[in-house]
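Undergrad: coordinates only, no sequence provided:
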């Protein structure tokens with residue numbers, strides 16, 4: 001793939017969006033509860049925002065807000081099990097990026113939470129992705145952001 005190669009995807013939230021192909025990911029194991037959706041693009045919310053979106057390229061209505069816990073001073077570290085790393089095709093730790101899905105209540109955005117128990121892990125070398133459920137941890141599905 002050439003640098004800066006672009007594609008256009010449709011989204012009910014963002015309209016037609018031009019996305020760098022390096023930001024397209026294939027879920028080799030689906031996001032929990034979304035077994036039929038495998039192809040997603042990482043989209044900026046706005047340039048200075050701590051939030052991004054993973055937008056399905058197959059379903060214009062399906063998008064998840066995501067963030068990095070470090071933006072909110074959340075101390076967050078975990079180890080990927082060897083089986084998951086192998087499934088993703090990870091060869092080097094530097095090729096791994098983890099993002100976390102955010103839940104934002106419509107009626108009370110300040111009550112937003114982030115899912116620390118099940119991060120989305122992306123192999124940036126192959127663009128394979130999967131949501132993994134961490135074991136032996138106290139992380140929660142609904143950790144308060146604010």
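TA: Nice, I can see it. All values derive from a computational prediction rather than experimental measurement. Residues are numbered from 1 along each chain as shown.

Undergrad: what's the neighbour count on the closest residue to residue 116 other than its chain neighbours?
TA: Once flanking residues are discounted, residue 116 sits nearest to residue 139: 3.8 Å by CB to CB, 6 or more residues apart in numbering. To be clear about C-beta, it is placed using only N, CA and C from the backbone, and glycine gets the same treatment. Residue 139 has 18 neighbouring residues, counting by other CB atoms under 10 Å.

Undergrad: now do the residue lying farthest from the centre of the chain, the pLDDT please.
TA: Relative to the centre of the chain, and counting by CA atoms, centre = their mean, the farthest-placed residue is residue 107 at 23.7 Å. For residue 107, the pLDDT comes out at 92.

Undergrad: ditto for residue 24
TA: Residue 24 carries a pLDDT score of 96 in this model.

Undergrad: surely it and residue 38 touch.
TA: No. Taking contacts as CB atoms under 8 Å, residue 24 lies outside contact range of residue 38: 10.9 Å.

Undergrad: so which bits of stretch 134-146 are buried?
TA: For stretch 134-146, a neighbour-count test (16 or more other CB atoms under 10 Å) marks 139, 143, 145 as buried.

Undergrad: got the contact list for it?
TA: 67, 69, 72, 74, 76, 78, 81, 102-103, 110-119 (CB atoms under 8 Å, 6 or more residues apart in numbering).
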